[in-house]
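Student: I'd like to go over a predicted model; first the sequence, then the structure.
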Amino acid sequence: MMRTRFTVFSLFALAFVAAVPTAPGLAADRNTDLARELIDRFYDALAPDSTALAGFLGDSFQIIGSDGPRLDRSEYLKFPKAITDYEVSDIVSRNDGDILTVTFTITYHGQFRSRQRAVPGLPRLAVFRQAGASWQLVAFAALGTGINDVTVESGKALARFFEALAGGQPERIRAALSPDFQIQASNGKGFVLEEYLSGNLPDWQKMPTVQDLVATSFSNTMVTRYVLKVDQTLAPAMTVFQRINGEWRVAAHGTFAAKK
């Protein structure tokens, strides 16, 4: 059996080593490694089954999205989400006692509320708190949502807009429009929100249809161009949507001269 013998010199040497403060660079590296481990744990837990995530989120957890929605712990655990792959970069972390704050850049592919998203390197902020021997995520801010796959989503957003117009009810139409809404008609007339609602709405006999739809989106903006068919008339059109509280609302709409 091996035994360890301590001399007076050995004890002095151990005390001297313990008294030497950790180099700032070494402490920063440790914080970065810890931050990366915790970020990975969060993104790895973003799956349809929230069991792993539930064990990582603190009781006081909150998250805020780039377009304003705020969710607490129970709400976020129910929120449909799944990450396919991700890449983390530009980690900057600060540790003060039991609190670790981290800013970083994330690139990922995933699905949220049945919406496919490809986020191309956008900033994030996370706050972690140490609870005993483990860490918990207590706050998260998503700064931008990146490029969205809006092939299907744009068609649904346009249908909601046109259904509201066809119904002719001003308050339902208002709910589909952004507060800064503007429209430009092919006859040269343009209106802002209140002007449009106060007597300049279309008078459709039946719902129009959309043809040749092309949609692009980045962050909270979606731009669509298409051919609008009203009765037997075909007219090029463009509609710009803004996402407000998780819902696409029309910010601008323009129609052009009808095709012959």
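Tutor: Good, I have the coordinates.
Student: please enumerate the helices of the stretch 1-150 of the chain.
Tutor: 8-19, 24-44, 51-54, 73-78 (DSSP state H, counting those that start in this stretch).
Student: show me what counts as buried in the shortest one.
Tutor: Within helix 51-54, the residues that qualify as buried by neighbour count (16 or more other C-beta atoms under 10 Å) are L53. To be clear about C-beta, it is placed using only N, CA and C from the backbone, and glycine gets the same treatment.
Student: can you list the residues that contact that helix?
Tutor: Identification of contacts with helix 51-54 by C-beta atoms under 8 Å, 6 or more residues apart in numbering yields 42, 44-47, 77.
Student: pLDDT, neighbour count and distance to G155 for the residues you listed - can I get that in TSV?
Tutor: Listed next are the contacts of helix 51-54 as TSV, based on pLDDT from 0 to 100; neighbours: other C-beta atoms under 10 Å; distance: C-beta to C-beta, whole Å:
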residue	pLDDT	neighbour count	distance to G155
F42	97	19	33
D44	96	13	33
A45	96	19	33
L46	94	19	27
A47	92	14	28
L77	95	15	31
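Student: show me which pair in these is furthest apart.
Tutor: Using C-beta to C-beta, these reach their maximum pairwise distance at D44 and L77, which is 15.5 Å.
Student: which one of the contacts of helix 51-54 is nearest E87?
Tutor: For the contacts of helix 51-54, the nearest to E87 is D44 (13.1 Å; C-beta to C-beta).
Student: what sits closest to the closest one if chain neighbours are left out?
Tutor: In this structure, D44 finds its nearest non-sequential neighbour in A52, 7.4 Å apart by C-beta to C-beta, 6 or more residues apart in numbering.
Student: what about that neighbour, distance to F112?
Tutor: 17 Å (C-beta to C-beta, to the nearest Å).
Student: about what we covered before: so which of the contacts of helix 51-54 comes closest to I64?
Tutor: For the contacts of helix 51-54, the nearest to I64 is F42 (15.2 Å; C-beta to C-beta).
Student: that closest one against R124, yeah?
Tutor: No. At 9.7 Å, F42 does not count as touching R124 under the criterion of C-beta atoms under 8 Å.
Student: quick check: neighbours shared by the two?
Tutor: Applying C-beta under 8 Å, 6+ apart, one finds that F42 and R124 are jointly contacted by F140.
Student: tell me what A237 is bridged to.
Tutor: Y226, T255 (DSSP bridges).
Student: report pLDDT for it.
Tutor: Looking at A237, its pLDDT is 95.
Student: can I take it that V152 is in a helix?
Tutor: Yes. V152: assigned to a helix according to DSSP: H, G, I helix; E, B strand; the rest coil.
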